[in-house]
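**Q** next input, structure requested:
(chains A and B)
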Amino acid sequence: MIQFETGGADLQAILEQYQHESPEYEFIRKLTESSFIYRFSSAEELSFETKMRKHIIEASLALYRNRLAFRIFQESKCNEKYWIRRQDGGFVLRPDTAASEAVNDIFRNTRLYGTECATAIMIIYFKAVLDSYGPVLFDRTFKRITLMNWQETDDLLNVATYRSPPDYFPGDCLYVRNPDVDPLTPEWQGENIIDLGKGRYYGHGIGIGDLDYFIRVLNRNRIEGSDVSAYLVDSVTRPDFRALFRHWKNAS
Amino acid sequence: MTCSGAGLFMKGANRMTGIPVSLLDNIRISNGPDSLRNYFNDLYHTRRSKLPELLNDRHLRFYTLFLLKPDIYAFNLQEKLIPVYKWALHVSDRLSETIGNQIHGGNTAARRAEIRKDLRTEPEIIPSALKWIVETGWDADVPEGSYELLLERCTAMLLLEFRDKSVLPLIADIIFARNRAGLLIHNLVWLFFEAHDTDSLCLLAQRLASASSADVSLARKLLRFIPGTGADKNGSGTDTNTASGADRNSVTDTMTASGSALYFKAIRWLSENRPYLYFTGESMQMCTNPLFCQVSLEAKYLGRHVSPETGRMQIPPRDDEAALLEEFRRLTPAQQRQMAEFSRMMSSRNIYQWNSWIRLPFFRQLEAASRTTGGSE
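**A** Next up, the predicted model:
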């Protein structure tokens, strides 16, 4: 259920803004149907989060279409014009480089980049914020960016993992764990996936499919003789939509 | 619980470390890989008979052997190596085949099974060869890329396939040394926890008292599941739903506690909770603030040890205990923590009293726990 701090709002009217089959519609419908109370400061905040989730999905699809290469950290690569590749395989935004150009370059010159699945999610998040904020505010906000899976994440993005969440929504990042991964292929220990809505997911290096598809792929890389299946972990990872909204609101 | 953790990680081994160094290692460390190979080639043409002796030096380190591998094969010297070194080369050849074609490549289950079968052909010597690789291969000057990946594969095989936990103190040393140097540690951390060895957690706790702030910071991150030890990224406690009881109000305590106080607190907590600890499978690849371990509050309440791999009680609860657990599950997480801790404290102080308490009706148990620990939520 949705609660606005500003008081009631016409949820039906909000829902009708979106196409029936769209991820935005699915997000708001799930919010309203949930027994958990989701609090928003205003309808504007809800609209911001809905839009940003849509941008997360669009960025995921763009990475998939542009065929971002899967590379483990030791073999990661980036366009050195915009990013410095660190010794540990992470990427750092070059000083005096516009963050918006650097992030867009990943989607424009995708063949110059290669990384593993969690860093791909961070790239998706930054692109979604860029598309929500626009380049001027984005560049003003993000002077320094580090892309290194879930570590050293940006303070404003404040990416957090919530265990046993009441609901999952389109735009969420989930994790499929492979507990019996073959030690010869540790890169298959699990996969971060973005919920695209309607039961479809994107996982960098694997592709797009339903949950069973990701489980099947991971199961192919189990230790010999194992009958312990990969599974969806009961947790969800999200950027801090509220903080991002407030920053956007204060700046506009 | 034993806490050795002696620092074996060779920081660019040289004469100043006091660790014996073979001549070939010395040349590699002092003059670099190219000089090493030049020296080796020159010697082949001038004093060929000297080469096996140099290679079989008992202090030789794997990275040197790895660098000389093409020359060893070219000069047909592999059969003159002592068995551990000879098989180390073989192992590295086979495991190198699994690198570089991880995704959509030829690293199929059948191919991996073939490699695994091959590595099982010499059960006496291959684990020793792997152990030697891991013990000597992670020198500080190793290059990133395929060699580092090979070392990760060898470490994974030793820990997960051959279940050799004796290298965990060394792995802990390597993790912290690499972290100080800004090198990649994620897979090593994952492997450390995948060994499912609760005893080894004290190796991480030791670093809470380290003089290096990087060590302390990493130790706190890895031991975040210990109340009062870990801190979130910005000390803000943003990671939520920590049902295990990780204490999110303890950041201020932690900031002011001295390293040694933090260390003793962590060690005490580990010794009290070790029988109920299990590994969650969370990793640095999965989320921002992984909780690598959790306490099974149900097991702690019943005083039952759990499997570190699964978190399931090693002896399933009896019918009367199952009934108690049903009541226990209705409590809030805070109440569950309180009851579990009360049960542990009482059983450690007076097992007879505990036996009487656990037989009381559940609501009476709860009353006793609330009286002693200052009420429930």
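
**Q** residue contacts, B:L188?
**A** Contacts for B:L188 (CB atoms under 8 Å, 6 or more residues apart in numbering or on different chains) come out as B:E152, B:T155, B:I171, B:I174, B:I175, B:R178. For the C-beta atoms, the positions are set from N, CA and C on the backbone; glycine is no exception.

**Q** actually, B:R344.
**A** By CB under 8 Å, 6+ apart, the contact set of B:R344 is B:E272, B:N273, B:K300, B:G303.

**Q** which of the helices or strands spans it?
**A** B:R344 is part of helix B:333-349, with elements assigned from DSSP states H and E.

**Q** ok so, going back, could you provide the contacts of B:R344 in TSV, with additional columns for secondary structure?
**A** Shown next, in TSV, are the contacts of B:R344 (DSSP: H, G, I helix; E, B strand; the rest coil):
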residue	secondary structure
B:E272	helix
B:N273	helix
B:K300	helix
B:G303	coil
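
**Q** can you pull the buried residues of the biggest helix by length in chain A?
**A** In chain A, with assignment by DSSP state H, the single longest helix is helix A:43-65. Neighbour-count burial for helix A:43-65, counted by 16 or more other CB atoms under 10 Å in any protein chain shown, picks out A:43, A:45-50, A:52-60, A:63-64.

**Q** please, where are all the strands along the stretch 151-252 of chain A?
**A** A:160-163, A:173-177, A:190-197, A:200-203, A:207-209, A:231-232, A:235-238 (DSSP state E, counting those that start in this stretch).

**Q** B:I99: which of the ones you listed is closest?
**A** The closest of the strands of the stretch 151-252 of chain A to B:I99 is strand A:190-197. By CB to CB, the value is 19.5 Å.

**Q** partners of the closest one in the sheet?
**A** In the sheet, strand A:190-197 lines up against strand A:173-177 (antiparallel), strand A:200-203 (antiparallel) (DSSP bridges).

**Q** same question for the shortest one, mean pLDDT?
**A** Computed over strand A:200-203, the mean pLDDT rounds to 97.

**Q** still on that earlier bit, okay if I get the strands of the stretch 151-252 of chain A as JSON lines plus mean neighbour count?
**A** Formatted as JSON lines, the strands of the stretch 151-252 of chain A follow (neighbours: other CB atoms under 10 Å in any protein chain shown):
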{"stretch": "strand A:160-163", "mean neighbour count": "20"}
{"stretch": "strand A:173-177", "mean neighbour count": "24"}
{"stretch": "strand A:190-197", "mean neighbour count": "25"}
{"stretch": "strand A:200-203", "mean neighbour count": "24"}
{"stretch": "strand A:207-209", "mean neighbour count": "16"}
{"stretch": "strand A:231-232", "mean neighbour count": "16"}
{"stretch": "strand A:235-238", "mean neighbour count": "22"}
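
**Q** turn the ones you listed into JSON lines, columns for distance to A:I124.
**A** Converted to JSON lines, those look like this (distance: least, CB to CB, whole Å):
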{"stretch": "strand A:160-163", "distance to A:I124": "16"}
{"stretch": "strand A:173-177", "distance to A:I124": "8"}
{"stretch": "strand A:190-197", "distance to A:I124": "7"}
{"stretch": "strand A:200-203", "distance to A:I124": "9"}
{"stretch": "strand A:207-209", "distance to A:I124": "13"}
{"stretch": "strand A:231-232", "distance to A:I124": "19"}
{"stretch": "strand A:235-238", "distance to A:I124": "12"}
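
**Q** still on that earlier bit, turn the strands paired with strand A:190-197 into CSV, including distance to A:H20.
**A** What follows is these, written out as CSV (distance: least, CB to CB, whole Å):
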stretch, distance to A:H20
strand A:173-177, 24
strand A:200-203, 17
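
**Q** for A:L11, grab the count of nearby residues.
**A** The local packing of A:L11 (other CB atoms under 10 Å in any protein chain shown) involves 17 other residues.

**Q** re the thing from before, pull up the pairing partners for the helix or strand following the longest helix of chain A, direction included.
**A** Helices and strands here follow DSSP H and E; after helix A:43-65, the next one along the chain is strand A:69-70. In the sheet, strand A:69-70 lines up against strand A:114-115 (parallel) (DSSP bridges).

**Q** skip ahead from the partner strand and say which helix or strand is next.
**A** Taking DSSP H and E, what comes next after strand A:114-115 is helix A:117-133.

**Q** tell me which element A:P95 falls in.
**A** A:P95 is part of no helix or strand, with elements assigned from DSSP H and E.

**Q** how many neighbours does it have?
**A** 8.

**Q** tell me how far it lies from A:I84.
**A** 9 Å (CB to CB, to the nearest Å).

**Q** likewise A:G197?
**A** Counting by CB to CB - A:G197 and A:I84 are separated by 35 Å.

**Q** repeat that for B:S271.
**A** In terms of CB to CB, B:S271 sits 44 Å off from A:I84.

**Q** who has more neighbours, the two?
**A** A:I84 (14 against 11).

**Q** and stretch A:94-111 with chain B, contact?
**A** No: interface with chain B: stretch A:94-111 contributes nothing (CB under 8 Å from any CB of the partner chain), its closest point being 15.6 Å away.

**Q** before we move on, the earlier item: nearest to A:F245, out of the strands of the stretch 151-252 of chain A?
**A** Across those, closest to A:F245 is strand A:235-238 (CB to CB), at 12.9 Å.

**Q** which strands and helices lie in contact with the closest one?
**A** Helices and strands touching strand A:235-238, as assessed by 3 or more CB pairs under 8 Å, 6 or more residues apart in numbering or on different chains; DSSP states H and E, comprise strand A:160-163, strand A:173-177.
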